[in-house]
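# for reference, the sequence and a predicted model appear below.
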Amino acid sequence: MSELKFDAVTVRYGTRRHPILAVNDVSLTVPEGKVVGLVGESGSGKSTMARAAVGLAPVSEGRILLGGASIERARRERAVQMVFQDPYSSLDPRMSISDTLIEAMPRGVRGVAARREAERLLELVQLDGRFAQSYPSEMSGGQRQRVALARALAGRPQVIIADEITSALDVSIQGAVLNVVRDLQRELGFSMLFISHNLAVVRYVASEVAVMYRGRIVEHGATAAVLERPDHDYTRTLLAAIPGGGAASSSPSAIHETPGSPA
Ligand SMILES: Nc1ncnc2c1ncn2[C@@H]1O[C@H](COP(=O)(O)OP(=O)(O)O)[C@@H](O)[C@H]1O
Ligand SMILES: [Mg+2]
């Protein structure tokens, strides 16, 4: 596993005369085997950070490194994987779950070995093996998001970028999906950039939190420290939006779901 490092990264959209600095000179490290939460309001640049890491947004300045080397090679080797917000549009409706997972496996895994690996991946995300033969249209949002996670894991990634992966799900199943993410990360040890506009969600999975505001990181520290002693006014505003106050939580109950309920 490897650390993911954004080194003075700027992503510029718009025109020369009217530039939009979606990400403005941001440095951020996700240490090896750790989860860093990235929070901030809508439009603050969180998804642009994610997209830059996987090569979907243009890096105008700075660089992104994985384990100290340029991230391009890691991308080619599928060592960096992203899970998107919307599990309805991120899975191919014409492909069975099994085929979706097999396609994402390292080249050379075929036949019986591939089918066994697909079953193992489903087990990892706590889905019954019978879903291998299912199609996305037969599954709930929570089940689809588990498949999206399993597909990300199929490439044996060193880093997973999760962009608002519970935001499109029914509140009643968000906790169960978060539990799966937390257990998987502990078991497999990948590094993860976990993005959400919701500090209540982030504090449940991340050991560190970075707060983004208008393209910049305005605060970054251990999750408990940021929650207990926010430096920045903006972080205090985010904290005030959490029901039940800001104390660090070891269960996702503060976002009103039932841990372990089927999703
Ligand atoms: N492809 C794009 N073209 C132009 N502007 C963009 C593009 N993607 C994002 N932006 C702008 O960059 C800013 C940050 O967006 P985004 O990274 O999606 O924020 P967040 O994920 O925090 O809501 C916004 O002002 C958004 O309008
Ligand atoms: Mg976003």
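Thanks, I have the structure now. Keep in mind the model is a prediction, meaning the values are calculated, not measured. Ligands and ions are numbered 1, 2, ... in the order given.
# look up phi and psi at whatever residue of the stretch 1-150 of the chain ends up closest to ligand 2.
Nearest residue of the stretch 1-150 of the chain to ligand 2, counting by C-beta to the ion: Ser47, 3.1 Å away. Just so you know, the C-beta spots here come from the backbone N, C-alpha and C atoms, and that holds for glycine as well. As for Ser47, its main-chain torsions (degrees, to the nearest 10) stand at phi -70, psi -30.
# now the strands for the stretch 101-250 of the chain?
Under the criterion DSSP state E, counting those that start in this stretch, strands of the stretch 101-250 of the chain are mapped to 159-163, 191-196, 208-213, 216-222.
# okay if I get those as CSV plus mean pLDDT?
Output for the strands of the stretch 101-250 of the chain, formatted as CSV (pLDDT from 0 to 100):
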stretch, mean pLDDT
strand 159-163, 97
strand 191-196, 97
strand 208-213, 97
strand 216-222, 97
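# let's have these in TSV, adding distance to ligand 1 and mean neighbour count.
Shown next, in TSV, are those (distance: least, C-beta to the nearest ligand atom, whole Å; neighbours: other C-beta atoms under 10 Å):
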stretch	distance to ligand 1	mean neighbour count
strand 159-163	7	25
strand 191-196	7	26
strand 208-213	7	24
strand 216-222	11	17
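# run a quick neighbour tally on the residue lying closest to Ile102 once chain neighbours are set aside.
Nearest non-adjacent residue to Ile102, counting by C-beta to C-beta, 6 or more residues apart in numbering: Ala114, 4.7 Å away. Taking other C-beta atoms under 10 Å as the criterion, the count of residues near Ala114 is 18.
# now do the helices in the protein.
For the chain, the helices defined by DSSP state H cover 46-53, 71-76, 97-103, 111-124, 141-154, 171-188, 199-205, 223-228, 233-240.
# looking at the ones you listed, which is buried most?
helix 199-205 (a mean of 26; mean count of other C-beta atoms under 10 Å).
# what helices or strands is that helix leaning on?
strand 35-39, helix 171-188, strand 191-196, strand 208-213, helix 223-228 (3 or more C-beta pairs under 8 Å, 6 or more residues apart in numbering; DSSP states H and E).
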